[in-house]
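>>> here is my input, please return the structure:
(one chain, ligands or ions: 1)
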Amino acid sequence: SESDVGFRLVTEQASSNDGRRPSLGVAMVGHAFMGAVHSHAWRSVARFFDVPRTPRMVVLGGRDPERTAQAAERMGWAESATDWRALVERDDVDLVDICTPGDTHAEIAIAALEAGKHVLCEKPLANTVDEAERMVEAAERARQRGVFSMVAFNYRRVPALALARRLVAEGRMGELRHVRAAYLQDWLSDAESPMTWRLRKEQAGSGALGDIGAHIIDATQYVSGQTITGVSGLTETFVRQRPSQGAGGTENVTVDDCAVFTARFSSGAVGTFEATRYALGRKNALRIEINGSRGSLAFDLESMNELWFHDGQEPPETGGFRRIVVTEPTHPYAGAWWPPGHVLGYEHTFTHEIADLLVAIEAGTPPEPGFADGLRVQRVLEAVERSAENGSTYITV
Ligand code: SOE
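Sure thing, here's the model as predicted:
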């Protein structure tokens, strides 16, 4: 698949083809963190990847007219609008990119799919399994009409994690036994740091669990090629009230601050997971270690251009974890960017995601991860929450 082989070095060719390629009109809803990084990807994708369609950044949607207009100007969108319903109906829009908090994903995605627009939706897919199921049904109906959808689990497009998946699929790990995953941040460690939408259940669905735990659920399933079949979980909220933003006073935190859980994978591997925003000193440490019968792999997003590999077939004298610098043209995606050895960053993963999305749409094949993958993650999230509420009982997913 495209994501496994990476792309040719296409910088010059991509720009010289620009005028001849058909375009794809894009509307984006939301312009905060995710809106900014998606905009960057829409701007750069056709300059580095030989994509079949050149994105046209038609319109940016947001609630506040002035702030949305400023964001559109800054991030390269031709127009701005405040009514997402009008935006998804526009004839010059072919794809809707949803970068809003989780409570609006289902409504916008379903309306866009029904209007015949392809959809890219931020993760987690929804705030509840019920919403995610409705989104999958809408996506399935749309797919029958050649309209596609993708959920933005961008870390699948970190070259080192795509390489890890390739090594597992090639049998270099043998039979998988342990999957160890953590997503550690520290931006909430200070109890005085103010309230945000990410700490309100009605907007975010859950806390660290859905925001960053969702990433390690998807990434471990992607790398291992297995699905999680059951979990036992524990959640905690360390700081239950935080200063309101601007207005004075305090507001209740209604989500988890951390979630830890154990899991079983479909082929019998066992997993341990930890998601927290209170790991002081850990900034964006998405870590995965896999131990199999033939080898082991280790990855840390804070050193995202490296993959550590221990080949268990080597004699003990020379064995040990080797650091692979994942910047060779033969590594997934790396060849589209700089000469070998020149590292990539967080933003590139979104460009890769959009490149794969454009290729899949043109080929008429469902992009991955699709909404069904998003629903699978949602079921795991819900099972962890239910397990935590029931004294950590084991729940089948
Ligand atoms: C987006 O992919 C995201 O999950 C954010 O929502 C998190 O807050 C971020 O830290 C990791 O990326």
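>>> all contacts plus neighbour counts: C-alpha atoms, from now on.
Noted.
>>> and the closest residue to E122 other than its chain neighbours, what does it touch?
Leaving aside its sequence neighbours, E122 sits nearest to A152 (C-alpha to C-alpha, 6 or more residues apart in numbering; 4.8 Å). Shown in contact with A152 (C-alpha atoms under 8 Å, 6 or more residues apart in numbering): L120, C121, E122, K123, E353, P369.
>>> try it again at 10 Å.
38, 97-99, 120-125, 215, 350, 353-354, 368-371, 374 (C-alpha atoms under 10 Å, 6 or more residues apart in numbering).
>>> likewise I212?
Contact analysis of I212 by C-alpha under 10 Å, 6+ apart lists 123-124, 182-185, 258-259, 274-277, 284, 286.
>>> could you rerun that using 7 Å?
Contacts for I212 (C-alpha atoms under 7 Å, 6 or more residues apart in numbering) come out as Y183, A275.
>>> and stretch 104-123, what's buried?
Neighbour counts over stretch 104-123 (16 or more other C-alpha atoms under 10 Å) mark 105-106, 108-123 as buried.
>>> please disregard the earlier target; I meant stretch 361-369.
Those buried within stretch 361-369 under the rule 16+ other C-alpha under 10 Å are I361, P366, P367, E368, P369.
>>> grab the most central residue of this protein for me.
Nearest to the mean C-alpha position of the chain, by C-alpha atoms, centre = their mean, lies F153 at 1.9 Å.
>>> isn't that residue up against P124?
No - when contacts are counted by C-alpha atoms under 7 Å, F153 is not listed as touching P124 (8.3 Å).
>>> the stretch 1-150 of the chain: helices as residue ranges?
With helices called from DSSP state H, counting those that start in this stretch, the stretch 1-150 of the chain shows them at 2-5, 11-17, 33-48, 65-75, 84-89, 105-114, 129-143.
>>> among those helices, which comes closest to V231?
Among the helices of the stretch 1-150 of the chain, helix 129-143 comes nearest to V231, with 16.0 Å by C-alpha to C-alpha.
>>> what packs against that closest one?
Counting contacts by 3 or more C-alpha pairs under 7 Å, 6 or more residues apart in numbering; DSSP states H and E, helix 129-143 is packed against helix 105-114, helix 371-389.
>>> so who does G62 touch?
Residues near G62 by C-alpha under 7 Å, 6+ apart: V29, G30, H31, T68, A81, T82.
>>> I misspoke; the intended subject was Y278.
Y278 makes contacts with Q185, D186, W187, L188, S189, as judged by C-alpha under 7 Å, 6+ apart.
>>> in strands only, show me the contacts of A152.
Among the contacts of A152, the ones falling in strands (DSSP state E) are D97, I98, L120, C121.
>>> ok, the last one - contacts?
In this case it means C121. Listed by C-alpha under 7 Å, 6+ apart, the contact set of C121 reads D97, I98, C99, M150, V151, A152.
>>> what about 8 Å?
C121 makes contact with D97, I98, C99, H105, A109, S149, M150, V151, A152 under the criterion C-alpha under 8 Å, 6+ apart.
>>> for A355, same thing?
Contacts of A355 were listed using C-alpha under 8 Å, 6+ apart, and they are V45, A46, F49, V51.
>>> 10 Å instead?
2-3, 7, 41-42, 44-46, 48-53, 333, 349.
>>> please apply the same query to P55.
18, 21-26, 42-46, 94-95, 354, 358.
>>> so L234 is in which element?
strand 228-236 (DSSP states H and E).
>>> other SSEs contacting the next helix-or-strand element following that strand?
Using DSSP H and E, the next helix or strand after strand 228-236 towards the C-terminus is strand 241-243. For strand 241-243, the packing partners by 3 or more C-alpha pairs under 10 Å, 6 or more residues apart in numbering; DSSP states H and E come out as strand 250-252.
>>> give me the buried positions along the strand it packs on.
Buried positions in strand 250-252, judged by neighbour count with 16+ other C-alpha under 10 Å: E251.
>>> what lines up beside that strand in the sheet?
The strands beside strand 250-252 in its sheet (DSSP bridges) come out as strand 241-243 (antiparallel).
>>> what is the mean pLDDT for the strand it pairs with?
For strand 241-243, the mean pLDDT works out to 97.
>>> circling back: so can I have CSV of the contacts of C121 showing pLDDT and distance to A72?
Output for the contacts of C121, formatted as CSV (pLDDT from 0 to 100; distance: C-alpha to C-alpha, whole Å):
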residue, pLDDT, distance to A72
D97, 99, 14
I98, 98, 15
C99, 98, 14
H105, 98, 21
A109, 98, 21
S149, 98, 24
M150, 98, 23
V151, 98, 23
A152, 98, 21
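>>> wait, which of those is closest to G246?
Lowest distance from G246 to the contacts of C121 (C-alpha to C-alpha) belongs to C99, with 23.9 Å.
>>> and that closest one, how far is that from I108?
The gap separating C99 from I108 is 10 Å, by C-alpha to C-alpha, to the nearest Å.
>>> which neighbours do those two have in common?
Counting by C-alpha under 10 Å, 6+ apart, the common neighbours of C99 and I108 are V29, C121.
>>> rewinding a little: got a winner among the contacts of Y278 for most neighbours?
Ranked by neighbour count under the definition other C-alpha atoms under 10 Å, these are headed by Q185 with 21 neighbours.
>>> return the distance of that one relative to G76.
Using C-alpha to C-alpha, Q185 is found at 30 Å from G76.
>>> what comes up buried for the helix or strand harbouring D356?
Using DSSP H and E, D356 falls within helix 346-363. The neighbour-count criterion (16+ other C-alpha under 10 Å) identifies 348-361 as the buried residues of helix 346-363.
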